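> give me coordinates for this.
(chains A, B, C and D)
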Number of protein chains: 2
Amino acid sequence: MPSTDAPASRQVPCERCPLRGLSGFRAFTPEELAFVSRFKRGELRVAAGTTILSEGNHSEHLYTVLSGWGFRYKMLENGERQILNFVMPGDLIGLQASLDDKMGHSVEALSDALLCVFERGQLFELYRNYPGLAFDVTWLAAREERMLDEHLLSIGRRTARQRAAYLIYFVFSRAAVRGMTSGRTFRFPLTQRHIADALGLSLVHTNRVLNQLVRRQALSLTNHVLRVNPKVLAEEADWEPDSDRIRPYI
Amino acid sequence: MPSTDAPASRQVPCERCPLRGLSGFRAFTPEELAFVSRFKRGELRVAAGTTILSEGNHSEHLYTVLSGWGFRYKMLENGERQILNFVMPGDLIGLQASLDDKMGHSVEALSDALLCVFERGQLFELYRNYPGLAFDVTWLAAREERMLDEHLLSIGRRTARQRAAYLIYFVFSRAAVRGMTSGRTFRFPLTQRHIADALGLSLVHTNRVLNQLVRRQALSLTNHVLRVNPKVLAEEADWEPDSDRIRPYI
DNA sequence: CGGGCCCTTGAATTCTCTCAAACAATGTGG
DNA sequence: CCACATTGTTTGAGAGAATTCAAGGGCCCG
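Residues are numbered from 1 along each chain as shown, chains lettered A, B, ... in the order given. A predicted model of the protein is given here:
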């Protein structure tokens, strides 16, 4: 089903990577840049809705998201879906399949997206010769873990309204770091179905709770444009984003 | 509050590490063993209930659990606690504080435990000189992520009874790999409060749901000795443990 | 124009929580 | 060794939260 073996053309040289220059992202040393450039096998352009990786499958590739949104998810036998996290530019996906051999989750593109393609087999070379980059890969994994911890706390112990406020604020904060926001506004590609599946709530209840937040002026959402009120969201959610520090990517 | 700076005595040489020889754990090469041996700064013995690491704090150390149980958790302002995962022998804790600088969660000992102490500062040396071990650290981080994904699916989309069945079976499976079980029986140090906090349920409801599972012959629990019925648990939970493959540790 | 997807609202039901109380097991100091 | 405090488990009853079922409306696209 995933068309992950589509022709991987090479258009964006690493030197002109759209992620470079984002203020929150760390710069490579020239040697690292050269290696990553060699490590990169090409690009993969996927349309919204494409399954990029599927649970249970093996994958020869790992990817860094250059642009666009996606989400990681798992499903129950009965078809219930849980969205584990959203995937945004700079995120590395498919690492699990490279270390172990099976994906434990699936990844679907939420918008059209551009991925940087790497090969599983080369990962060890990265570890052997570029300890700084290896460290970065671990850093990325640890950061994903941190986000999951946060989500677990949210789903396990926050009320429905708090969860919704947290999620919106969380996503907004991540978008802001990536320069995807303008002021308190940004293009928000999720449907309420996605939000419900990320919050572990039903679609109906998600809708009600979201509207409560609108009524409380925490946010507004029209035509997939989201406007947030950080102060109110922080209050509703009992959560503050990480004071953002510089971060690596591969 | 944590007495993490207690005298770190050195009693168990890595050559006789209690984790070596566990069938699920990979063997070191002689060079790796020598390095890890040097990397190890000592041991820390903590009593049940000790806070080993606290959220928001910085830690100079990371630890591998040699024996005993613990749990990672986060709390809300109002005191609600969410247990993120249980920590068992072979697990590495404190990596977050070594990569970033603040712990995003706390870790508490659930039983008396013995920890192997490493120093944050040496981690980069490990990455520089022992790519195989660096790979292992990443593997451990990715495996934690995999477990969290599983928990998230559980809390978000399973019913209370399913969640409880999943958790019990999950913990049992992990114990089994570590040789802590005998047949379908093992010493189970959690109270229902811990289970409730891991499931995101109230204590009262956790009790009821657990008793439903007892009535359905999925498990029995007396005097902290748990007996499981894997078939029934798997059915109740809609979950099977990973077919366990060989795993690394540091 | 019709079909499909998304959002919204109402009503009834089910699940889970809180409050309250009692009992069991364990440990401590007198 | 007993009295008492503490911690953990169990059960009932009522309240509250979230779900399911149902239906209508808006919007986009073929």
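
> centre-most residue in chain A?
A:Val87 (1.5 Å; CA atoms, centre = their mean).

> with adjacent residues omitted, what lies nearest to that one?
In this structure, A:Val87 finds its nearest non-sequential neighbour in A:Gly70, 3.9 Å apart by CB to CB, 6 or more residues apart in numbering or on different chains. Heads up, the C-betas are built off the backbone N, CA and C, glycines and all.

> so where's chain A uncertain?
A:1-10, A:244 (pLDDT under 70).

> give me that answer again for 80
Where chain A drops to pLDDT under 80, the residues are A:1-11, A:243-245.

> determine the longest helix present in it.
If you go by DSSP state H, chain A has its longest helix at helix A:131-157.

> is DNA strand D contacted by that one?
No - using CB under 7 Å from any atom of the strand, helix A:131-157 stays clear of DNA strand D, coming no nearer than 10.3 Å.

> that helix vs helix B:131-157, what angle?
20 degrees (axes from the mean of the first three to the mean of the last three CA atoms, to 10 degrees).

> and DNA strand C, is helix A:131-157 touching that?
No - Helix A:131-157 does not reach DNA strand C (CB under 7 Å from any atom of the strand); its nearest approach is 8.9 Å.

> before we move on, back to that, and the residue nearest to A:Val87, how far is that from B:Phe39?
According to CB to CB, to the nearest Å, A:Gly70 and B:Phe39 sit 37 Å apart.

> give me the more crowded residue out of these two.
A:Gly70 (27 against 20; other CB atoms under 10 Å in any protein chain shown).

> surely the more buried one touches A:Leu110?
Yes - A:Gly70 lies in contact with A:Leu110 (CB atoms under 8 Å); the separation is 5.3 Å.

> which neighbours do those two have in common?
Shared contacts of A:Gly70 and A:Leu110 (CB atoms under 8 Å, 6 or more residues apart in numbering or on different chains): A:Phe86, A:Val87.

> where do the helices sit along chain A?
So, for chain A - with DSSP H - the helices run A:30-39, A:95-99, A:123-129, A:131-157, A:160-177, A:192-199, A:203-215, A:230-237.

> A:Thr50: which of those is closest?
helix A:192-199 (15.2 Å; CB to CB).

> list the buried residues in the closest one.
A:His194, A:Ile195, A:Ala196, A:Asp197, A:Ala198, A:Leu199 (16 or more other CB atoms under 10 Å in any protein chain shown).

> over to stretch A:14-34?
Buried, per 16+ other CB under 10 Å, within stretch A:14-34: A:Cys14, A:Cys17, A:Leu19, A:Leu22, A:Gly24, A:Phe25, A:Phe28, A:Glu32, A:Leu33.

> start and end of it, how far apart?
8 Å (CA to CA, to the nearest Å).

> is there proximity between it and chain B?
No - Stretch A:14-34 does not reach chain B (CB under 8 Å from any CB of the partner chain); its nearest approach is 13.0 Å.

> can you list contacts of that stretch?
Stretch A:14-34 has contacts (CB under 8 Å, 6+ apart) with A:12, A:36-37, A:40, A:64, A:66-67, A:89-90, A:116, A:130, A:132-133, A:136, A:177-179, A:244-249.

> for A:Val137, give its distance to B:Arg45.
Distance from A:Val137 to B:Arg45, by CB to CB: 33 Å.

> those two: which is more packed in?
In this comparison of A:Val137 against B:Arg45, neighbours counted by other CB under 10 Å, the higher total goes to A:Val137 at 27 against 18.

> please tell me how far the residue of chain A most remote from its centre sits from A:Tyr166.
For chain A, the residue at maximal distance from the C-alpha centroid (CA atoms, centre = their mean) is A:Arg215, at 28.5 Å. A:Arg215 is 18 Å from A:Tyr166, where distance means CB to CB.

> cool, and A:Gln82?
16 Å.

> repeat that for A:Glu235.
On the measure of CB to CB, A:Glu235 and A:Tyr166 end up 11 Å apart.

> can you pull the contacts of A:Glu55?
A:Lys74, A:Met75, A:Met103, A:Gly104, A:His105, A:Ser106.

> nearest to DNA strand C among these?
Nearest to DNA strand C among those is A:Met75, at 16.3 Å by CB to the nearest atom of the strand.

> give me the neighbour count for the closest residue to A:His205 other than its chain neighbours.
Nearest non-adjacent residue to A:His205, counting by CB to CB, 6+ apart: A:Ala160, 6.2 Å away. By other CB under 10 Å, 17 other residues sit near A:Ala160.

> A:His105 now?
Neighbour tally, A:His105, other CB under 10 Å: 25.

> residues contacting it?
Contacts of A:His105 by CB under 8 Å, 6+ apart are A:Leu53, A:Glu55, A:Arg72, A:Tyr73, A:Lys74, A:Leu84, A:Gln96, B:Asp149.

> in TSV: those residues, plus distance to A:Ser173.
As requested, the contacts of A:His105 are arranged in TSV below (distance: CB to CB, whole Å):
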residue	distance to A:Ser173
A:Leu53	25
A:Glu55	28
A:Arg72	18
A:Tyr73	21
A:Lys74	24
A:Leu84	18
A:Gln96	25
B:Asp149	21
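
> and of the residues you listed, the nearest to DNA strand C?
A:Tyr73 (14.8 Å).

> can you give me the first-to-last residue distance of stretch A:39-50?
Start-to-end, stretch A:39-50 (CA to CA) is 24 Å.

> in that stretch, what's buried?
Along stretch A:39-50, these residues count as buried under the neighbour rule (16+ other CB under 10 Å): A:Phe39, A:Lys40, A:Gly42, A:Glu43, A:Leu44, A:Arg45, A:Val46, A:Thr50.

> just give me the closest of these to DNA strand C.
Looking across those and measuring by CB to the nearest atom of the strand, the closest to DNA strand C is A:Thr50, at 14.3 Å.

> neighbours of the nearest residue to that closest one once chain neighbours are set aside, how many?
Nearest residue to A:Thr50, sequence neighbours excluded (CB to CB, 6+ apart): A:Ala109, at 4.6 Å. Neighbour count for A:Ala109, taken as other CB under 10 Å: 24.

> what of A:Ser202?
A:Ser202: 12 neighbours (other CB under 10 Å).

> hmm, it is touching A:Ala196, no?
Yes - with contact defined as CB under 8 Å, A:Ser202 counts as touching A:Ala196 (6.3 Å).

> okay, and the common contacts of the two?
Common neighbours of A:Ser202 and A:Ala196 (CB under 8 Å, 6+ apart) do not exist.

> coming back round to it: contacts with chain B among the buried residues of helix A:192-199, please.
Answer for these near chain B (CB under 8 Å from any CB): A:Asp197, A:Leu199.

> buried sites along stretch A:205-215?
A:Thr206, A:Val209, A:Leu210, A:Leu213.

> so which of these comes closest to A:Phe172?
Taking CB to CB as the measure, A:Phe172 lies nearest A:Leu213 of these, at 12.6 Å.

> so who does the closest residue to the closest one other than its chain neighbours touch?
When the adjacent residues along the chain are set aside, A:Leu213 lies closest to A:Leu219, with 5.5 Å between them (CB to CB, 6+ apart). For A:Leu219, the contacting residues are A:Ile168, A:Leu213, A:Leu226, A:Arg227, A:Val228, A:Asn229, A:Leu233, by CB under 8 Å, 6+ apart.
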